[in-house]
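In: sequence and predicted model, in that order:
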Protein chains: 4
Amino acid sequence: MARVSVLGASGYAGAIAARLIDRHPFFELAHVTARSEAGARLDDIHPRTRVPMVLETWDPDRQSDVDAALVCWPHRAAAPAVAALRERGVRVVDLSADFRLTDRAIYEDWYGAHGAPEHFGTAVYGLPELYRDAIAGADLVANPGCYPTAALLALAPLARAGLIADVVIDAKSGVSGAGREPTAATHYIAADENMTPYKVERHRHTPEIEQELAGQGASLPVTFTPHLVPLAQGELVSCYVTPAREHDEEELMTLFDAAYAREPWVELRLGPPGVLEVRETNFCRLSVHSDGRTGRIMVFSSIDNLWKGAASQAVQNLDLMFGRDEREGLT
Amino acid sequence: MARVSVLGASGYAGAIAARLIDRHPFFELAHVTARSEAGARLDDIHPRTRVPMVLETWDPDRQSDVDAALVCWPHRAAAPAVAALRERGVRVVDLSADFRLTDRAIYEDWYGAHGAPEHFGTAVYGLPELYRDAIAGADLVANPGCYPTAALLALAPLARAGLIADVVIDAKSGVSGAGREPTAATHYIAADENMTPYKVERHRHTPEIEQELAGQGASLPVTFTPHLVPLAQGELVSCYVTPAREHDEEELMTLFDAAYAREPWVELRLGPPGVLEVRETNFCRLSVHSDGRTGRIMVFSSIDNLWKGAASQAVQNLDLMFGRDEREGLT
Amino acid sequence: MARVSVLGASGYAGAIAARLIDRHPFFELAHVTARSEAGARLDDIHPRTRVPMVLETWDPDRQSDVDAALVCWPHRAAAPAVAALRERGVRVVDLSADFRLTDRAIYEDWYGAHGAPEHFGTAVYGLPELYRDAIAGADLVANPGCYPTAALLALAPLARAGLIADVVIDAKSGVSGAGREPTAATHYIAADENMTPYKVERHRHTPEIEQELAGQGASLPVTFTPHLVPLAQGELVSCYVTPAREHDEEELMTLFDAAYAREPWVELRLGPPGVLEVRETNFCRLSVHSDGRTGRIMVFSSIDNLWKGAASQAVQNLDLMFGRDEREGLT
Amino acid sequence: MARVSVLGASGYAGAIAARLIDRHPFFELAHVTARSEAGARLDDIHPRTRVPMVLETWDPDRQSDVDAALVCWPHRAAAPAVAALRERGVRVVDLSADFRLTDRAIYEDWYGAHGAPEHFGTAVYGLPELYRDAIAGADLVANPGCYPTAALLALAPLARAGLIADVVIDAKSGVSGAGREPTAATHYIAADENMTPYKVERHRHTPEIEQELAGQGASLPVTFTPHLVPLAQGELVSCYVTPAREHDEEELMTLFDAAYAREPWVELRLGPPGVLEVRETNFCRLSVHSDGRTGRIMVFSSIDNLWKGAASQAVQNLDLMFGRDEREGLT
């Protein structure tokens, strides 16, 4: 039994993380925190959690009676909290972007000054399908962004096989990806019956994808464009790869089978996946295609942006960090 | 005043076409036809038309007392009807794919045997922004497919400027694009909160896009993947162009301004367009971007798949064929 | 030709009103105003209007070079603006609730202090199907609330015939009824795939419905409960009437035919109406049913809450005030 | 451990029932059957189940090696299957309407001839909150309809207290209630952005509600009108009760607390419930209100029509029949 805090449990990902920990056979939910909504009960704000705990104001001293914490705060706010937790010996999965990048100049270029520079570069990137062993021994795991999760699972086998000369990543996400803050863009009337590209050329998940693709052997600038679509949860990433060399469909199938056939949370499919198939699960569904007409390789990858793209992947990482089966608490 | 029939008025595009003709200051709606629903009133099947006419079984002899016809039938069924209409001196806008392609081998490869081979290759491709003058003198216009309409408006200026070395077209469409037939894919429960690629590598709009891009100077195989998204009407086409030569943002702006600044139905925007902005209009909204990091050119194009992608573009073509202002009946 | 201002054109109803006036053959759109968004162009905020006018800060002196104004401001803010306009001889349709009620104590009970008490009680209630002649001679028309519009058209024939002993009004509205302000309730994630009653026992349209039912001969407290449903525009009002006396289906049909057969904007149907059928129109669709098992009378009424429930009904009223056909500018 | 078959697992409710049994700690999923889709794998048709079993053609002899069966077939088809199962000693929860009614004339009036008249009237009505003890001893349980489930939980405390003189039940359901068959009504384009009453005066859940209300002490004809709303799963029932006698808010609260405070699957709330709060759960959420202005009692009740309204309630019943905790397999 290990005790776990969830910081930022009033957000969408935080609330799901709290629900998953609350029902987990090994972890015990010790604290849930919120900033503006401290004092309220979590199940009043997020009824589906059915977690009747009161949200606390975060206090590293009062809430360090735990073995681990899931930090569901925005980037830049997360870093100092992560630092404070580590100083108290608490193992952390950070869902923000603060510890994902390894090059500080790139971090500062895309996010601004870092809030805990002494800890920069000390985290393991929390994509279990790539870094399982390192995660198991880590005390700080940087949970990947939702788009990088889907894109990297799609592209890693190709990167490792030296197949990527160039890549276009066209991504589509439901509205929960924009967060719980009511804004003009998240108003029902703006999103319903609409879809639109956003943050063209400047979405912050771009350098994260490039860093991790490089780590798999494909160092190149990627074209990444997210789109907002009218649904609540779900993310579909369509990857168009210009191959670096000759290949055939069979080689692709072999590569993906080798990479994922034994992965508990990756489902390979012959036809392209839909997002509803993975809704409210930790699964990533993938299909890979070789287009005979153009020679291009296409990979389609679907996840639930709040689950495998955030909260449930954080629990998968926590399972690994505590030596548990990475399916525990997620099925 | 010219009299117009709408064949296939019980389908989504046909119903809108009938409504537009019914309210048009110059055209008069003479007949509306349907196959299985003949005998019913159009406004009982499609209340929003508020066209109280009875749907007739198609009969070329009884319904040739017209000057023009909009044929809203499926491909292969349309061709013989178009032939029968032309033989009776009726000018036709055909919304099917039967007369869009100019290479019969390619047609047969993607669609099967042609239903009126003696007329094959005799139509003008009905994209007014490219072929306005030819449309004005035509008696058979092949109304473009919805995806080609959005993609070609996005890519034609680049093709003419010799800028396209390679292109990925990632397209997203609302469910009306799948037609009015109730199927597993169009069931509310299958489409709601879902999105998925479909017809990967084999959507029939691919050769149509390639033919017309070649006509603008860019002969190359294109990668085109459509996706189904949970909304009724609207289509967004995201084009990722690998440039064939050096260029800068200013050149792109100049190209698009030259192409579209005076076009009544194309709206250039600095930021990426949404589909709601063009819903139930004949507008195409475009934005063009030069990605400094990757050198790629991106063009985003949004239309209403049933309007500019079908019915209202057909009326725009009809306006041109009869010497009318191409905004007439569409504002 | 008459010149018209639209105050509050940045809201949903105001934007539609501006679009309708802009395309109206008789009226000319002279000014559009907004508070926080003054200086922006209307078509940047509401692209679908395609009205390229700049939103002005409201100034009664500078903007009184008009014949009429549509006031699309919230209740309590509207009253002083209406007063200022009338003092300058401008005819007004007020879309707020400030001049709908005739009993000031009831107004103050539900809304608080009135912002222009000297004008209280001087307006004509702008439901043309009930007060057409008075509207034609009015210089201040209080445009009805969306729910009262649908409910009164459903119930007026029964009220006049002395048939209403008791009534339950269960109303359902799309999210646009909650206004353009981003709030927790209008967030896509809160509204999507959800529905819920709101303002139970205390929605402000209750006294308005009661006042007008009394005017038609049925003085009684009504039970009125609105529900929020996941769609953008559309309102369905289900009325359950305990009859005050014997009746049969034929009498009901006769009553409704007598009331509405010649009304240009009311459509009687045998089966219950859907809201999509009246979307973006000034129509109200009605069906009336006599339940043989329970003796109850049921009337179902559907409108577009932003059109017949607000903006287009305001234009219908303006047409009448200026001696125009009440279909002008609305078809 | 008990072995369970799910008949009709290719439908929406059947698929959920199969998933719940498959993950249940006490029950083992022995067979899943389908008619037209036999031979396919359940997780190919319903990916979210992640039940990789092959759908079998139903065969009472080959599939009677089980302790219990959930019959998810349409009414009239279900009855003979239920009879065959009982003859082989299999305990049954029947999700159809075939064994809910106790008056055969009423059954035949609303449904037609019964398919197994010798078993008519031998089932226990499977609403655990009303009939827990009888269910525990039953070998045939008639699982309630979705609307009756929500309506009876809302009204039973009032019926038992002699408070119901008259009642209007206005119900709203998501599209999954219409079943998996693709029809004109379930087409995305028909349902999206729409809502409409349906089966006015003639929905088959009416006699079921009346029978069970009578069983609780309120014998009266009810007015029941369902509406279709644009969401996948979720049902909201708004009950408007004309009280038979004096009462106050406190009495209502006491009645509902006494009825439900200890119920594991009923949640009492002060404010009206939404359907999203109970999505994919076995919960029913209720609020009760006494309208001071009109004297009316209002009860709002929300469930997931496929869960508490069908599949999960069937599992709750099965738990009780086998002496298990009725939360087992449902949390």
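Out: Arrived safely, thanks for sending. Here the structure is a predicted model, which is why all the values come from computation and not from measurement.
In: got a list of what the residue of the stretch 201-331 of chain A found nearest chain C touches?
Out: With CB to the nearest CB, the shortest gap between the stretch 201-331 of chain A and chain C falls at A:Ala232, namely 5.1 Å. For the C-beta atoms, the positions are set from N, CA and C on the backbone; glycine is no exception. By CB atoms under 8 Å, 6 or more residues apart in numbering or on different chains, the contact set of A:Ala232 is A:174-176, B:193, C:188-189, C:192-193.
In: any idea how far A:Asn143 is from it?
Out: Distance check for A:Ala232 against A:Asn143: by CB to CB, to the nearest Å, it reads 21 Å.
In: helix/strand/coil for the residue in the stretch 151-300 of chain A positioned nearest to chain D?
Out: Distances between the stretch 151-300 of chain A and chain D by CB to the nearest CB are smallest at A:Glu277, namely 4.0 Å. With DSSP: H, G, I helix; E, B strand; the rest coil as the basis, A:Glu277 sits in helix.
In: A:Asp67: neighbouring residues, count only.
Out: 18 (other CB atoms under 10 Å in any protein chain shown).
In: and it, what is it in contact with?
Out: A:2-4, A:90-91, A:322.
In: up against chain C, what does the stretch 201-331 of chain A have?
Out: The stretch 201-331 of chain A comes close to chain C at residues A:230-232, as judged by CB under 8 Å from any CB of the partner chain.
In: want to throw those residues into TSV with pLDDT, secondary structure and distance to A:Ala159?
Out: Shown next, in TSV, are those (pLDDT from 0 to 100; DSSP: H, G, I helix; E, B strand; the rest coil; distance: CB to CB, whole Å):
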residue	pLDDT	secondary structure	distance to A:Ala159
A:Pro230	98	coil	32
A:Leu231	98	coil	29
A:Ala232	98	coil	31
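In: using JSON lines, lay out those together with distance to D:Leu306.
Out: Compiled in JSON lines, these are given as follows (distance: CB to CB, whole Å):
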{"residue": "A:Pro230", "distance to D:Leu306": "22"}
{"residue": "A:Leu231", "distance to D:Leu306": "19"}
{"residue": "A:Ala232", "distance to D:Leu306": "18"}
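In: from the residues you listed, which is closest to chain B?
Out: When these are compared against chain B (criterion: CB to the nearest CB), the nearest one is A:Leu231, at 4.6 Å.
In: was I right about that closest one contacting B:Glu193?
Out: Yes. A:Leu231 lies in contact with B:Glu193 (CB atoms under 8 Å); the separation is 4.6 Å.
In: between the two, which is the more surrounded one?
Out: Between A:Leu231 and B:Glu193, A:Leu231 has the larger neighbour count (other CB under 10 Å), namely 28 against 21.
In: roughly how far apart are the residue lying closest to the residue of the stretch 151-300 of chain A closest to chain D once chain neighbours are set aside and D:Arg41?
Out: Closest residue to A:Glu277 apart from its sequence neighbours, by CB to CB, 6 or more residues apart in numbering or on different chains: D:Pro47 at 4.0 Å. Noted for D:Pro47: a distance of 10 Å to D:Arg41, by CB to CB.
In: compare those two and say which is more crowded by neighbours.
Out: D:Pro47 (21 against 15).
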